[in-house]
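Enquirer: would you be able to build a 3D model of this:
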Amino acid sequence: MKIKILLTLTLSAAVFGVWGQNKKNHTNAAKSPVITNSMLPRPKLMVGIVVDQMRWDYLYRFYDRYQAGGFKRMLNEGFTCENTLIPYIPTVTAIGHSSIYTGSVPAIHGIAGNDFIVQATGKSMYCTDDSTARSVGSDSKAGMMSPRNLLVSTVTDELRLATNFRSKVIGIALKDRGGILPAGHAANAAYWFDDANGAWISSTYYMTDLPAWVKTFNAGKPAERYLKQDWNTLYPIDTYVQSAPDNSPKYEGKFSGAAAPVFPIKTSELYKGKAGMIRSTPYGNSMTLDMAKAAIENEKLGAGAVTDFLAVSLSSTDYVGHQFGPNSVEVEDTYLRLDKDLAAFFTYLDGKLGKGNYTVFLSADHGAAHNPNFLTDHNIPAGAWNGRDLQTRLNKMLEDKYKVRGVILNLGNYQVNFNNTIVKKEKLNTDALKFDCIQFLQQEPQIAYAIDMERVQTATIPDELRTRIQNGYNSERSGSIQIILKPGWFSGGQTGTTHGSWNPYDAHIPLVFMGWGIKHGSLTRETHMTDIAPTVAQLLHIQAPDGNIGTAIGEVLK
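Expert: Presented below is the predicted three-dimensional model:
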């Protein structure tokens, strides 16, 4: 009898507690200036910001020079996940954007590189190529793009589904892949920059004509307007103490037509009508955020009855990084200017939507290595690896043995891609080819490991590498052998930098949340890029994307 009474009292207390909690939540929702849908609180607007090629340490490398309202505001008001890693290789732009928004990896979502080989045909495929789409806003082929190569849903798709397509979703980036892949399959629009006409464009996948506000924005010739300003340092150049000397041609690439990689950069003279030059200046980020504000204003994002989503990728950091490298004044100045632009953008959102009524996350698609010449000059092992030369020697070795030419198509994405059409026609044994290639590759001094993708489980490699290789391997779109270079080595030129490897400089990325529903704090346990989408889904009370393998970061959410 006592047990029955105790059980009844316990259940009553539990029910009362839930009712009390619901009542409390309802009261808070009524007081909080947010959208409510059947008493479900959500932010007015979700903003995803991906900073292309932003190493995690850039949050702190330039921290002392950041303003109060940009990166510092996110860190001091929001929640930072300090140990967020990319759980796959290769670490490149298209995969990064896809993985952030799907919570998935190439093995599942299918975006196996910026470009990848369709193994069945041997044809190269650009990640967002779509021959059925046509350019909107341009006569060039730059608009023949769509998200059709992405095999799973995005968190932006799930928001559209959850609200019966009442939520608006828009993607914006200089790079087509940076605007298209985050916006997902069901987006209202994605916009990217066309160098051919110096304008923002889209494709027939989304629309048949550009909205009037985009035409108006383009009519202002924003790229030309910015480039006419020239590019000088934001502050006196002698205060850029986090960089190598400005004129370092051994480490930095110069603009075409320039005498040296040195400030001031006379973009007004160098661009000569080629608006695409803006990509390699910090003004590309400024113009992108201008476009983002115009979208919010004209599409009335955040003003409806349900949450809207704006996916923004800031691409110029990648172009500047590739050209000049992480230790350049150009990169330092680009981040100081980006910080200023972000501060202005957050102030705009405060005024437009009300502080606390929107949620922002900021992350990166990948990082970047130090320039190899810079490292070796400081006695740190590094180097630039010539993949083309190795491909030639590999093909020569196979031709000598099997009397067949062109067995290897390329070594893209640090993978050996066989010409499967020739392999099949000549009835070559794939296992024998892989064995011969691996034996050859393992003799190369710059290569740490060469792994048969189908036998990665039995390879004598660290478990961390095994997991990343498996996650990055899509049998229909990835090569047969994964090449792992020694730390500090990459496939590229002698100046600037690149990315693509598993190492922390490429795979350790920033992840900061700020705004509605976000706690203030930090987290040092390991989290992953794939955790971003399920965390956003949890915040918005929607289903995670259908290929998601990530886990919501509960510490972030109120």
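
Enquirer: Tyr126 contacts Gly113, doesn't it?
Expert: No: using CB atoms under 8 Å, Tyr126 makes no contact with Gly113, being 9.4 Å away. For the C-beta atoms, the positions are set from N, CA and C on the backbone; glycine is no exception.

Enquirer: neighbour count winner among these two?
Expert: Legend: neighbour count by other CB atoms under 10 Å for Tyr126 and Gly113, higher for Gly113 (26 against 16).

Enquirer: what kind of secondary structure is the more buried one in?
Expert: Under DSSP: H, G, I helix; E, B strand; the rest coil, Gly113 falls in the coil class.

Enquirer: spatially nearest residue to it, not counting backbone neighbours?
Expert: Nearest non-adjacent residue to Gly113, counting by CB to CB, 6 or more residues apart in numbering: Asn413, 4.4 Å away.

Enquirer: give me the phi and psi for that neighbour.
Expert: When read as degrees, to the nearest 10, the backbone of Asn413 gives phi 60, psi 30.

Enquirer: that one: what's it in contact with?
Expert: Residues counted as contacts of Asn413 (CB atoms under 8 Å, 6 or more residues apart in numbering) are 90, 92, 112-113, 116, 478-479, 500.

Enquirer: out of those, who's nearest Phe418?
Expert: The closest of the contacts of Asn413 to Phe418 turns out to be Gly479 (CB to CB; 7.6 Å).

Enquirer: helix, strand, or coil at the closest one?
Expert: What three-state DSSP gives for Gly479 is coil.

Enquirer: now do the strands in the stretch 51-200 of the chain.
Expert: Using DSSP state E, counting those that start in this stretch, the strands of the stretch 51-200 of the chain run over residues 79-81, 84-85, 115-118, 123-126, 135-136, 169-173, 189-194, 199-203.

Enquirer: contacts only, for the spatially most central residue of the chain.
Expert: Nearest residue to the geometric centre of the chain (CA atoms, centre = their mean): Asp365, 2.6 Å. By CB under 8 Å, 6+ apart, the contact set of Asp365 is 50, 52-53, 91-93, 95-97, 100, 178, 313, 509.

Enquirer: where's it, which helix or strand?
Expert: For Asp365, there is no helix or strand it lies in under DSSP states H and E.

Enquirer: the chain - how does it break down into domains?
Expert: Each domain of the chain is listed here as a residue range: 46-376+502-556, 383-487, per automatic domain parsing.

Enquirer: returning to that earlier point: which of the contacts of Asn413 sits closest to Gly521?
Expert: Using CB to CB, these come closest to Gly521 at Val92, 31.2 Å.

Enquirer: just the pLDDT for that closest one.
Expert: Listed pLDDT for Val92 reads 98.

Enquirer: so how far is Pro249 from it?
Expert: For Val92, the distance to Pro249 equals 27 Å [CB to CB, to the nearest Å].

Enquirer: more neighbours, these two?
Expert: With neighbours defined as other CB under 10 Å, Val92 and Pro249 compare such that Val92 has more, 25 against 11.

Enquirer: which parts of the stretch 201-350 of the chain are strands?
Expert: Assigned by DSSP E, counting those that start in this stretch, the strands in the stretch 201-350 of the chain fall at 308-314.

Enquirer: the helices in it, which residues?
Expert: Remark: helices assigned in the stretch 201-350 of the chain by DSSP state H, counting those that start in this stretch are 212-219, 222-227, 267-270, 283-299, 316-324, 329-353.

Enquirer: so which of the ones you listed is the most packed in?
Expert: Among those, helix 316-324 has the highest mean neighbour count (mean count of other CB atoms under 10 Å), at a mean of 25.

Enquirer: contact partners of that helix?
Expert: With contact meaning CB under 8 Å, 6+ apart, helix 316-324 is reached by 51-54, 93, 174-175, 251-253, 255, 261, 278-285, 288, 330-331, 334-335, 338, 368, 495-498.

Enquirer: cool, stretch 267-276 as well?
Expert: With contacts defined as CB under 8 Å, 6+ apart, stretch 267-276 is touched by 193, 195, 197-198, 223-224, 227-231, 255-258, 277-278, 281, 283.

Enquirer: and it, what's its mean pLDDT?
Expert: For stretch 267-276, the mean confidence score works out to 95.

Enquirer: output it as PDB, restricted to C-alpha atoms.
Expert: Output of stretch 267-276 as PDB, limited to C-alpha atoms (Å, rounded to 0.1, in the frame of the first residue of the first chain):
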ATOM      1  CA  THR A 267      43.600  47.500 -57.500                       C
ATOM      2  CA  SER A 268      42.200  50.500 -59.400                       C
ATOM      3  CA  GLU A 269      45.000  50.100 -61.900                       C
ATOM      4  CA  LEU A 270      45.500  46.400 -61.800                       C
ATOM      5  CA  TYR A 271      41.900  45.100 -62.300                       C
ATOM      6  CA  LYS A 272      41.500  46.600 -65.800                       C
ATOM      7  CA  GLY A 273      37.800  45.800 -65.900                       C
ATOM      8  CA  LYS A 274      38.200  42.300 -64.600                       C
ATOM      9  CA  ALA A 275      35.900  42.300 -61.700                       C
ATOM     10  CA  GLY A 276      36.900  38.900 -60.500                       C
END
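
Enquirer: one step back: dump the helices of the stretch 201-350 of the chain to a markdown table, plus distance to Ala68.
Expert: Supplementary listing: these in a markdown table, determined by distance: least, CB to CB, whole Å:
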| stretch | distance to Ala68 |
| --- | --- |
| helix 212-219 | 29 |
| helix 222-227 | 25 |
| helix 267-270 | 29 |
| helix 283-299 | 18 |
| helix 316-324 | 21 |
| helix 329-353 | 7 |
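
Enquirer: quick one, which of the ones you listed gets closest to Phe62.
Expert: Minimum separation from Phe62 across those (CB to CB) falls at helix 329-353, 5.2 Å.

Enquirer: which elements pack onto that closest one?
Expert: Under the contact definition 3 or more CB pairs under 8 Å, 6 or more residues apart in numbering; DSSP states H and E, helix 329-353 sits against strand 45-51, helix 71-77, helix 283-299, helix 316-324, strand 358-363.

Enquirer: Throw these into a markdown table and include distance to Phe217 and mean pLDDT, thanks.
Expert: Formatted as a markdown table, the helices and strands packed on helix 329-353 follow (distance: least, CB to CB, whole Å; pLDDT from 0 to 100):
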| stretch | distance to Phe217 | mean pLDDT |
| --- | --- | --- |
| strand 45-51 | 19 | 98 |
| helix 71-77 | 27 | 98 |
| helix 283-299 | 5 | 98 |
| helix 316-324 | 18 | 98 |
| strand 358-363 | 22 | 98 |
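
Enquirer: in a markdown table: the ones you listed, plus distance to Val404.
Expert: Below are the helices and strands packed on helix 329-353 laid out as a markdown table (distance: least, CB to CB, whole Å):
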| stretch | distance to Val404 |
| --- | --- |
| strand 45-51 | 43 |
| helix 71-77 | 54 |
| helix 283-299 | 46 |
| helix 316-324 | 36 |
| strand 358-363 | 45 |
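
Enquirer: and Glu444, which of these is closest to it?
Expert: With CB to CB as the criterion, Glu444 lies closest to helix 316-324 of these, at 24.5 Å.

Enquirer: tell me the angle the closest one makes with helix 329-353.
Expert: Relative orientation of helix 316-324 versus helix 329-353 (axes from the mean of the first three to the mean of the last three CA atoms, to 10 degrees): 180 degrees.

Enquirer: any chance you could map the helices in the stretch 351-500 of the chain?
Expert: Using DSSP H, counting those that start in this stretch, the helices of the stretch 351-500 of the chain run over 372-377, 387-402, 420-425, 430-441, 463-472.

Enquirer: buried ones in the first one, by neighbour count?
Expert: In other words, helix 372-377. Within helix 372-377, the residues that count as buried by 16 or more other CB atoms under 10 Å are 372-375.
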